[in-house]
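# Quick one: sequence plus predicted model below, questions after.
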Amino acid sequence: MFNLRFPESEIPYWADRYVEYANEGNIEIEQGLMDLRCVVQDRGYLTKEELYRVAHWKSPRRSGLVLENSEESVNDITARALASDDDNEKYIELTKLKGIGVPIASAILHFYDKGMYPIVDIHALWSCGLEWTARTSYPFWEEYIHFCRGLAERNGVDIRTVDRALWRFSYDHPDKEITWEDIREKLEDLKGGNRFSPELKAYLLIVTKKLCSLGMSLEECASILGMWKGPLIRWKNSDGD
């Protein structure tokens, strides 16, 4: 099912490119999530505030739903998920929480489980040979876990390095096929408290380049994306195009 679109030996390079791209604020947020790893693992569960932080990092739009969970349910469910030895059980437990689907569940395990779990993201999946129309399910996710673990083990890197490399390679290759359904779904998912978050900016650039390659003007792109053309012009110019 999976076929990496770049040589495995380039994983460190693309991971470094990820860090170069990300702004200081985003890296600080990500580092804050990673700094909690030992604390959460020693305790054995996440607090509601910690769950919200990782959910908001992965999906700002859905993160508000996480706040509807009680502190007790978050503690109990994340404890069972992190303690389980079964990948399927971890997934089932975490998705019992409001606002938690496969992508956010994968991010929770990525940062806080003692095992190696990749983050399910359409950018990373494209870098592994899947088109953007791919949808997530547990069997799909299980295969993805094993594929990414293999990449990490064969190349002597951690799973965070693999995830960063997969995301950045996709960002640097905007010639992927994108459907209107994908565009609408991803924009809705990314529009959160920070309208122009780094991830949203990256996605808008990918879509803009695709639309421009089809002959659309920046004015038309801006209209389709529901924004002013000014940011698109600045971002596109600063991106080297």
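Done, it's in.
# Could you use CA atoms for every contact and neighbour count after this?
OK.
# Show me this protein divided up by domain.
8-171, 180-238 (automatic domain parsing).
# most packed of the ones you listed?
Most buried of the domains of the chain by mean neighbour count (mean count of other C-alpha atoms under 10 Å) is domain 8-171; its value is a mean of 18.
# what is the mean pLDDT for it?
What domain 8-171 shows for mean pLDDT is 91.
# Just to check, residue 100 is in contact with residue 93?
No: using C-alpha atoms under 8 Å, residue 100 makes no contact with residue 93, being 10.0 Å away.
# between these two, what contacts are shared?
Counting by C-alpha atoms under 8 Å, 6 or more residues apart in numbering, no residue touches both residue 100 and residue 93.
# who touches residue 2 in this structure?
Residue 2 neighbours (C-alpha under 8 Å, 6+ apart): 128, 129, 130, 144, 147.
# pLDDT at it, what is it?
At residue 2, pLDDT is 91.
# I'd like to know how far it sits from residue 146.
10 Å (C-alpha to C-alpha, to the nearest Å).
# so after the lengthiest helix in the chain, what's the next helix or strand?
With secondary structure taken from DSSP state H, the chain has its longest helix at helix 138-155. With elements assigned by DSSP states H and E, the helix or strand that comes after helix 138-155 is helix 159-171.
# Tell me which residues are up against that next one.
Contacts for helix 159-171 (C-alpha under 8 Å, 6+ apart): 11-18, 110, 116-119, 121, 123-128, 148-149, 151-152, 202-203, 206.
# quick one: which of those residues sit in strands?
Judged by DSSP state E, those include no members of strands.
# Looking at those residues, which are in helices?
Using DSSP H, those in helices are 11-18, 110, 123-127, 148-149, 151-152, 202-203, 206.
# quick one, phi psi at the spatially most central residue of the chain?
The residue lying closest to the centre of the chain (C-alpha atoms, centre = their mean) is residue 121, at 4.4 Å. Taking degrees, to the nearest 10, you get phi -150, psi 140 for the backbone angles of residue 121.
# That one: what's it in contact with?
Contacts of residue 121 by C-alpha under 8 Å, 6+ apart are 103, 167.
# One more: residue 74?
Neighbours of residue 74 in contact, by C-alpha under 8 Å, 6+ apart: 46, 47, 48, 51, 97.
# in terms of contact, does the first one touch residue 78 like I think?
In this case it means residue 46. Yes: under the criterion of C-alpha under 8 Å, residue 46 makes contact with residue 78 at 6.0 Å.
# out of everything not next to it in sequence, what's closest to residue 100?
residue 94 (6.7 Å; C-alpha to C-alpha, 6 or more residues apart in numbering).
# quick one: the one you found and residue 105 touch, right?
Yes: with contact defined as C-alpha under 8 Å, residue 94 counts as touching residue 105 (5.9 Å).
# what do these two both touch?
With C-alpha under 8 Å, 6+ apart as the test, residue 94 and residue 105 reach no residue in common.
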